[in-house]
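1. Below are the sequence and a predicted model for it; my questions follow.
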Amino acid sequence: MTKYIFVTGGVVSGLGKGIVAASLGRLLKLRNYKVSSEKFDPYMNIDPGTMNPTQHGEVYVTSDGAETDLDLGHYERFIDEDLNKYSNLTSGKVYLNVINKERNGEYLGETVQIIPHVTNEIKDFIYKHVELTNPDIMITEIGGTTGDIESAPFLEAIRQFSQDVGRENCLFIHVCLVPYISGSDEYKSKPVQHSVRELQGLGVKPDIVVLRCDDDPGESIKKKVSLFCNIDEDAVIVNTTVKNLYEAPIMLHNHKLDKVVCKKLKLTNKLDITPWKDLVKKIKSRTGNITIAIVGKYVSLHDSYLSIVEAMNHASYDNGIHIKRKWVDSETITEDNVSEILKDVDGILVPGGFGYRGLEGMITACKYARINNIPYLGICLGMQVSVIEYARNVCGIKDADSKEFNLDGQHVIDLMPDQRGKKLGGTMRLGNYTCKITPNTKMMEAYNLEQIQERHRHRYEFNNEYKEILTKNGLVISGTSPDGEIVETVEDKSNMFHVGVQFHPEFTSRPNRVNPIFNLFVKYVKEYNNKK
């Protein structure tokens, strides 16, 4: 029977519940259990797809096309399993489903209430996920903070769930902040006590309490939490800050998190942590530095590009070099200052985005990379930017543009035919699609496969009406849909590395299995740096 682990948070948000859940998932997978993960978010949006990245961070896309919370990226990178549409649930989606069922008469005239209709909807979501993936262990993170009014239905649902599946098959982990008071040079456990009491008052008794702090607060704090919160002393786990994200599983293993989980759930498989320790050794063995500029419109919140940052990190491990990221707001770049802003970089990456703001700065950065032979990788909008720049400055189409930004001009980027007339929200070209790779290209050098699958999230595409003039002037179409109709990737062969990809390769990169195009990009950035 599937075992269920629920991770909740207390005191403040942003403690790293997702990293605890992801790290535990990796430790259990290293014990040869099949693990799946999901995130329940209490906000009222149906999904993060229409949310501003500067408020909520990136929108992570699963292989089956679900637009989800960025924590799912952590889960996939740690447990190395593809998640799905049942891996992210919001209050908005729950209430929408319940209201639709009520309108369709599925409740047979009952008075619709939080209990049991909303809580049943939440529980049903877990069961559907388990039915689809059949894991040995399902790890569910409850977003927000205990005591938030939005989280209450989710906490009630998991309380009921533990009764449904049996307490012996269910484990509750509560992650709490232990604040450090510099004036008295001591850690304080009182916020943890209050948070656990709040959770217990809602009917959920945590089996494990994880203390989030920068350094080990000492045994006296652990004993106090154990005593006041009625938790076994060995089930009070310290979660300290690590230098690199991927050290977290080892740190939590050293504090015996996985051992206590296995003891409480009666899991007997032995752990082989050697592969993960080897990965951490590889991370620590890097030498030297390269600088890559990320030229985007959402740089005020670096989580807007979280998966891109992690994919760059993964490539740095394989190439044995440190990457210094230079965050550049594309709105600040002009023809007059671009050489000053980007003079010290070894590579330029233009990521995805929506809306006209900052577009001209991205085009200027792309042009600077092309004429100075600086390695360039454009992702989604960054690929479209490279097409617009090439059309304007190489092909002489001075009014080349995207229909997304300008209804006038020559639209070298146009709305996909199947997107016409669709409303915003979950309607883009989403999830895995096949890309056929052209021989003797950087794409083939990276993947060494005739066909690949990568994840997409876009409405606009390369306009085939301009294919002839662009290719005659030297632009190489290095990847298309299997029928050749949709241009997936473009390259400028006159440069050492100048590649644009319509898909999002960052979503499939893993610390132990870097995405090939990121790996090749960083390889050429390193080569450029050596030549300098």
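-> Structure's in. What do you need?
2. Wait, residue 57 touches residue 304, no?
-> Yes. Here residue 57 reaches residue 304: they are 5.9 Å apart, a contact under Cβ atoms under 8 Å. The C-beta positions use only the backbone N, C-alpha and C, and glycine is treated the same way.
3. neighbour-wise, which of those two wins?
-> The neighbour count for residue 57 versus residue 304, taken as other Cβ atoms under 10 Å, is higher for residue 304 (25 against 22).
4. Phi, psi for that one please.
-> Backbone geometry at residue 304, expressed as degrees, to the nearest 10, gives phi -60, psi -20.
5. swap in residue 414?
-> Main-chain torsions, residue 414, degrees, to the nearest 10: phi -130, psi 160.
6. Identify the residue nearest it in space, chain neighbours excluded?
-> residue 463 (4.2 Å; Cβ to Cβ, 6 or more residues apart in numbering).
7. count of neighbours near that neighbour?
-> If we define neighbours as other Cβ under 10 Å, then residue 463 has 20 of them.
8. and the gap between it and residue 384?
-> According to Cβ to Cβ, to the nearest Å, residue 463 stands 10 Å off from residue 384.
9. Now the common contact residues for those two.
-> Common contact partners of residue 463 and residue 384 (Cβ atoms under 8 Å, 6 or more residues apart in numbering): residue 413.
10. Identify the residue nearest the geometric centre of the protein.
-> residue 73 (3.1 Å; Cα atoms, centre = their mean).
11. which secondary structure element contains that residue?
-> Using DSSP states H and E, residue 73 falls within helix 71-79.
12. per-residue pLDDT, residue 353?
-> We have a pLDDT of 92 for residue 353.
13. again with the one 5 residues further on
-> The predicted local confidence for residue 358 comes out at a pLDDT of 92.
14. Okay, strands next: where are they in the stretch 201-350 of the chain?
-> Counting by DSSP state E, counting those that start in this stretch, the segments of the stretch 201-350 of the chain that form strands are 208-212, 236-239, 289-296, 322-329, 347-350.
15. hang on, the earlier thing: nearest residue to the residue nearest to the centre of the chain in space, please, no chain neighbours.
-> Residue 73 sits nearest to residue 60 (Cβ to Cβ, 6+ apart), 4.5 Å away.
16. Number of residues surrounding that neighbour?
-> Residues near residue 60, counting by other Cβ under 10 Å: 28.
17. And for residue 45?
-> Applying other Cβ under 10 Å, we find 15 residues neighbouring residue 45.
18. and it, what does it touch?
-> Here residue 45 is in contact with 51, 90, 92 (Cβ under 8 Å, 6+ apart).
19. what secondary structure does the residue of the chain most remote from its centre sit in?
-> Here the chain reaches farthest from its C-alpha mean at residue 109, the gap being 41.1 Å by Cα atoms, centre = their mean. Per DSSP: H, G, I helix; E, B strand; the rest coil, the secondary structure class of residue 109 is coil.
20. In contact with it: list those residues for me.
-> If a contact means Cβ under 8 Å, 6+ apart, then residue 109 has no contacts.
21. all numbers from here: first residue = 2
-> Got it, the first residue is 2 from now on, which makes the last one we talked about residue 110.
22. Ramachandran coordinates for it?
-> Per degrees, to the nearest 10, the backbone of residue 110 is at phi 80, psi 10.
23. re the thing from before, between the contacts of residue 46, which is closest to residue 243?
-> Comparing the contacts of residue 46 against residue 243 with Cβ to Cβ places residue 52 closest, at 28.8 Å.
24. Hmm, residue 68 and that closest one touching each other?
-> No. Applying Cβ under 8 Å, one finds residue 52 not in contact with residue 68, separated by 9.3 Å.
25. State the distance from residue 331 to residue 297.
-> 6 Å.
26. State the number of residues packed around the closest residue to residue 428 other than its chain neighbours.
-> Nearest non-adjacent residue to residue 428, counting by Cβ to Cβ, 6+ apart: residue 420, 7.3 Å away. When counting by other Cβ under 10 Å, one arrives at 15 neighbours for residue 420.
27. Please apply the same query to residue 495.
-> 11.
28. Equivalent analysis for residue 81, please.
-> Neighbours of residue 81 (other Cβ under 10 Å): 15.
29. correct me, but it touches residue 514?
-> Yes. Contact status for residue 81 versus residue 514: in contact at 7.1 Å, counting by Cβ under 8 Å.
30. Show me where the protein dips below the pLDDT cut-off.
-> Within the chain, no stretch has pLDDT under 70.
31. can you count the residues close to residue 500?
-> 28.
32. my bad, should have said residue 173
-> As a burial measure, residue 173 scores 23 neighbours (other Cβ under 10 Å).
33. Which helix or strand contains residue 480?
-> Short version, using DSSP H and E: residue 480 is in strand 476-481.
34. Direction-wise, compare the helix or strand hosting residue 195 with strand 209-213 and give the angle.
-> Using DSSP H and E, residue 195 falls within helix 191-202. Comparing the axes of helix 191-202 and strand 209-213 via axes from the mean of the first three to the mean of the last three Cα atoms, to 10 degrees yields an angle of 150 degrees.
35. Mind jotting down where the helices sit in the stretch 102-251 of the chain?
-> 120-134, 153-166, 191-202, 220-230, 249-255 (DSSP state H, counting those that start in this stretch).
36. Ok, which of those comes nearest residue 290?
-> Per Cβ to Cβ, nearest to residue 290 of the helices of the stretch 102-251 of the chain: helix 249-255, 24.0 Å.
37. from what I can see residue 417 touches residue 465, true?
-> No. In this structure, residue 417 is not within contact of residue 465 by Cβ under 8 Å, at 11.3 Å.
38. Keeping just the C-alphas, turn stretch 3-11 into PDB.
-> Extracted C-alpha coordinates of stretch 3-11, given in PDB (Å, rounded to 0.1, in the frame of the first residue of the first chain):
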ATOM      1  CA  THR A   3       1.200   3.500  -0.800                       C
ATOM      2  CA  LYS A   4       2.600   5.500   2.200                       C
ATOM      3  CA  TYR A   5       1.700   9.100   2.400                       C
ATOM      4  CA  ILE A   6       3.900  12.000   3.800                       C
ATOM      5  CA  PHE A   7       2.500  15.500   4.300                       C
ATOM      6  CA  VAL A   8       4.800  18.400   4.800                       C
ATOM      7  CA  THR A   9       3.400  21.600   6.400                       C
ATOM      8  CA  GLY A  10       5.000  24.800   7.500                       C
ATOM      9  CA  GLY A  11       4.900  27.200  10.400                       C
END
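39. Contact partners for residue 456?
-> By Cβ under 8 Å, 6+ apart, the contact set of residue 456 is 62, 63, 64, 431, 432, 433, 504, 505, 508, 509.
40. Could you verify my assumption that residue 529 touches residue 377?
-> No. Using Cβ under 8 Å, residue 529 is not in contact with residue 377, being 10.6 Å away.
41. shared neighbours of these two, anything?
-> The contact lists of residue 529 and residue 377 share residue 348, where a contact means Cβ under 8 Å, 6+ apart.
42. and these two? which has more neighbours close in?
-> Applying other Cβ under 10 Å to residue 529 and residue 377 shows that residue 377 carries more neighbours, namely 33 against 19.
43. that older thread, who are the contact partners of the residue nearest to residue 74?
-> 68, 69, 70, 71, 72, 73, 74, 308, 508.
44. Could you report the neighbour count for the fifth one?
-> Read it as residue 72. Residue 72: 25 neighbours (other Cβ under 10 Å).
45. From residue 124, how far out is it?
-> For residue 72, the distance to residue 124 - Cβ to Cβ - is 21 Å.
46. Identify the residue nearest residue 401 in space, chain neighbours excluded?
-> residue 392 (3.6 Å).
47. Sort out which residues of stretch 38-47 are buried, please.
-> 38, 39, 40, 41, 42, 43, 44, 47 (16 or more other Cβ atoms under 10 Å).
48. and those, which of them are in strands?
-> Of the buried residues of stretch 38-47, the ones assigned to strands by DSSP state E are 38, 39, 40, 41, 42.
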